[in-house]
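K.L.:
Sequence first, predicted model second:
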Amino acid sequence: MSTDCSNRYAFEAEWYDKIACMLKKFYVYYYPFDNTVELFDLKTKKTFLRRTTCEGIMAKDFYVGGVITIFSRCIKITGYADAYTKTKLEMQLQKVFVLLKPGVIDYMGEILKDITNYDFRITNIKMTMLTVNNIEECGFAKDVIDKEFVINYFISGPVVALELLGGNGIVRWQELAGSEDIKKACLTTASSLRTLYEKDEIYNAVYGSKDPETAIKESQYFFRNSKSKSKNLRNTATLQNCTCCIVKPHAVQEKLVGAIINDIQKAGFAITAVQQFYINPINCEEFLEIYKGVLAEYTAMVTELQSGPCIVMEVTHKDENLNIVANFRDLCGPMDPVEYFFKILDGR
């Protein structure tokens, strides 16, 4: 974002007031020059928070779909509030839609690490099983020579849909992905995703939108909001011999999702479902209720879980006799890092 002191970015935003049990809507004004914010209540038509500095807020946190924490209030940015902000930021941060195809799901963690290391932010993620109808609606097999083979490959297993955000995103994604001609990719971009993970032109690794308009359309198809019409994407959760893993908001913000998934897969576990969620305060309290009165950190745990997007995964293992819950908890380690430190010392 620009550091021009005359700039002011305006966003539409919302915050759920737990005490009043109502969703409040605001304009959030962000001043990049001195990193200050201001809140304007749309219902009362009055300033809710005068311009002030908020610890922990950075320019990179301001994008549609993001969550910022202002004095313990988790405020979700839902849109742009003026044409200037929309034009300025969409030029600087471009949305890219990406699809990881069935043949590379076992390398999902490695690929996500490559993506974040290329300075992209993963703003949404979902695993699904595509149908022929999905492929036709999205045009993924349009104008290809071996259409039947391409469609069969798409529906042969789960795919992972990603929404990325980055400067000059479309061009930089094409650089990272490499040429669609696998022979050319191997010769010109040895470190590209297609060079590293692709078998051939049909059984290829990744798909990425070729222009901003297509990116927005494809992203809206896969990541529909509550106001969208019927959802027709199949859930991949097996609900058999599995456990639940949540990558918490602070780890998502620090771009650790790829590294965490890679560690899980390297340890022999399989991820059979994954999706990003924003969990509201009521659901956070309900989910963590078992720890209420048991752990002194309960309130902090609730605050953390609602502070931004989290990634929820179903984790399984090919060994059906394995105690998946116990073994995966061993991989995660104790909740208390001090306890983990002493556990390491005891193991020496």
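P.N.:
All right, it came through fine.
K.L.:
Near Val150, how many other residues are there?
P.N.:
19 (other CB atoms under 10 Å). Using the backbone N, CA and C atoms, a C-beta is placed for each residue, glycine as well.
K.L.:
Ok, Asn168 next?
P.N.:
Quick note: Asn168 (other CB under 10 Å) scores 12 neighbours.
K.L.:
That one and Gln94 touch, don't they?
P.N.:
Yes - the criterion here is CB atoms under 8 Å, and Asn168 meets it with Gln94 at 6.2 Å.
K.L.:
in the strand or helix carrying Thr87, what counts as buried?
P.N.:
In the assignment (DSSP states H and E), Thr87 maps to helix 83-92. For helix 83-92, the neighbour count (16 or more other CB atoms under 10 Å) marks Thr85, Lys86, Lys88, Leu89 as buried.
K.L.:
Just want the phi and psi numbers for Arg51.
P.N.:
For Arg51, the backbone dihedrals (degrees, to the nearest 10) come out as phi -50, psi 120.
K.L.:
from what I can see it touches Phe40, true?
P.N.:
No - judged on CB under 8 Å, Arg51 makes no contact with Phe40 at a distance of 10.7 Å.
K.L.:
Find the residues that touch each one of these two.
P.N.:
Tyr29 (CB atoms under 8 Å, 6 or more residues apart in numbering).
K.L.:
ok, the two, which is more surrounded?
P.N.:
Just comparing Arg51 and Phe40: by other CB under 10 Å the higher neighbour count belongs to Phe40, 18 against 14.
K.L.:
Excluding chain neighbours, what is closest to the more buried one?
P.N.:
Among residues not flanking Phe40 along the chain, Tyr27 sits closest, at 4.2 Å (CB to CB, 6 or more residues apart in numbering).
K.L.:
Now name the helix or strand holding that neighbour.
P.N.:
Using DSSP H and E, Tyr27 falls in strand 22-31.
K.L.:
Just want the most central residue of this structure.
P.N.:
With distances taken as CA atoms, centre = their mean, the residue of the chain nearest its centroid is Asn124 (3.2 Å).
K.L.:
Show me what that residue bridges to in the sheet.
P.N.:
Note on Asn124: beta-bridge partners by DSSP bridges are Glu163.
K.L.:
And the one 5 residues further on, by the same measure?
P.N.:
Applying DSSP bridges to Met129 yields these beta-bridge partners: Arg234.
K.L.:
Count the neighbours of it for me.
P.N.:
Per other CB under 10 Å, the neighbour tally for Met129 reads 16.
K.L.:
can you give me the helices for this structure?
P.N.:
83-92, 108-117, 132-138, 147-154, 169-177, 182-188, 193-197, 212-222, 249-253, 257-266, 281-287, 298-305, 324-332, 337-346 (DSSP state H).
K.L.:
Outside of the third one itself, list whatever touches it.
P.N.:
Residues lying outside helix 132-138 but in contact with it, judged by CB under 8 Å, 6+ apart, are Ala141, Ile151, Phe154, Ile155, Glu218, Tyr221, Asn232, Leu233.
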